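**Student:** How does the following fold in three dimensions:
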Amino acid sequence: MSFDLQAHRGGAGLWPENTLEAFGRALALGVSTLELDVHLTAEDDVVVGHDPALADARLIRTLTRADLPPTMPLLRQVAALLAERGADPVRVNLEIKYDAVAAAELTSRRDFVEVVVQAIRIDGLVGRTSIQCFDWGVLRLVGDTEPQLDRVLLVSPRYLKASPDGPSPWFDGLEVEEHFVRTAAAQGFAAISPVHGSPFTAGVDDPAYVPFATAELIAEAHDAGLRVVPYVVDDQPTMRALLGDGVDGLITNRPDLLREVLAGLGRPLPEAFGRERTDATSGPPVVS
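**Tutor:** Numbering: from 1, shown residues only. Predicted coordinates:
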């Protein structure tokens, strides 16, 4: 599989995140995957958005589609955009925003997974979609519900730490070995997406930076048959360092910068779908 250039929330460093505008512009720029987050409404609509609540603190799960901002798209609208652009090679990396700590505010793992998977089937996205989550139980249920969906474990040290009452609540009772990579491979996951390092907003040029997606972790994952796609990498020195360490892709808010890095290394670039035009009323380029 070729290098996976994933536009995080459609390219959140360039355009309004998790919107059709962002996804359209990312397609016009040229990315291999649209990364996005989903929640459920009170009527089980699958809507694209990162936070479980709106700015006024109302939980999306308690609202209808009519209550939500018009810029918050349904998953089916993203599918329609891909079809409209003829962007058949472009994949979708969908994060199920299940919160193991505040689950009572959302819904059960099983209900969340079943509704999302059914929406993916209806939208005809099964063959081109991966499901990512920090929660091991969600990914296990995805595998039980639709084995054709690739599963990707999001990894951050804070989600691996034990709780005061026992193992991490994100394990859903699964016995995760000290080296989580082996357990992830045994679960049949296709890939891991580790946080690139800390501070999260820094990179290799920061003297205080400590990498988490190390060359050793990448090699261990590859030996276990797992692809490695770190998140969220927005500066070019860190992009180049991770490419040198052999990552299989990167999730970034700045797909434009990652394209520059790939071009500079003579690596193939994802195909662009769509075109930009200048809107006479507003001046800046817009995607048609």
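
**Student:** what's around the nearest residue to V229 once chain neighbours are set aside, how many residues?
**Tutor:** Distances taken as Cβ to Cβ, 6 or more residues apart in numbering put G249 closest to V229, at 4.0 Å, once the chain neighbours are dropped. The C-beta positions use only the backbone N, C-alpha and C, and glycine is treated the same way. Neighbourhood size, G249 [other Cβ atoms under 10 Å]: 24.

**Student:** can you start the count at 73 instead of 1 from here on
**Tutor:** All right, first residue 73 from here; so that's G321.

**Student:** Who is G321 paired with across the strands?
**Tutor:** Using DSSP bridges, the beta-bridge partners of G321 come out as D76.

**Student:** For S202, what is the enclosing helix or strand?
**Tutor:** strand 201-205 (DSSP states H and E).

**Student:** Neighbouring strands - and their directions - for that strand?
**Tutor:** Note on strand 201-205: by DSSP bridges, its sheet partners are strand 163-168 (parallel), strand 222-227 (parallel).

**Student:** Export those to a markdown table and append columns for mean pLDDT, distance to W242 and mean neighbour count.
**Tutor:** Below are these laid out as a markdown table (pLDDT from 0 to 100; distance: least, Cβ to Cβ, whole Å; neighbours: other Cβ atoms under 10 Å):
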| stretch | mean pLDDT | distance to W242 | mean neighbour count |
| --- | --- | --- | --- |
| strand 163-168 | 98 | 13 | 23 |
| strand 222-227 | 98 | 10 | 22 |
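
**Student:** As CSV, those with distance to L131 would be great.
**Tutor:** Shown next, in CSV, are these (distance: least, Cβ to Cβ, whole Å):
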stretch, distance to L131
strand 163-168, 16
strand 222-227, 22
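
**Student:** quick one, which of the ones you listed is nearest to E343?
**Tutor:** Among the strands paired with strand 201-205, strand 163-168 comes nearest to E343, with 12.5 Å by Cβ to Cβ.

**Student:** what does whatever helix or strand comes next after the closest one rub up against?
**Tutor:** Using DSSP H and E, the next helix or strand after strand 163-168 towards the C-terminus is helix 181-194. Helix 181-194 has contacts (Cβ atoms under 8 Å, 6 or more residues apart in numbering) with 110, 112, 116, 118, 147-148, 166, 168, 170, 175, 178, 198, 201, 203, 207, 209-210, 213-214, 217-218, 221, 244.

**Student:** Now restrict those residues to buried residues only.
**Tutor:** 110, 112, 118, 147-148, 166, 168, 170, 178, 201, 203, 207, 209-210, 213-214, 217-218, 221, 244 (16 or more other Cβ atoms under 10 Å).

**Student:** just the strands in the stretch 223-360 of the chain please.
**Tutor:** Under the criterion DSSP state E, counting those that start in this stretch, the stretch 223-360 of the chain contains strands at 263-266, 269-270, 282-283, 299-300, 321-324, 348-350, 357-359.

**Student:** mind listing what the nearest residue to E343 once chain neighbours are set aside touches?
**Tutor:** Closest residue to E343 apart from its sequence neighbours, by Cβ to Cβ, 6+ apart: G102 at 5.9 Å. Residues near G102 by Cβ under 8 Å, 6+ apart: 77, 327, 331, 341-345.
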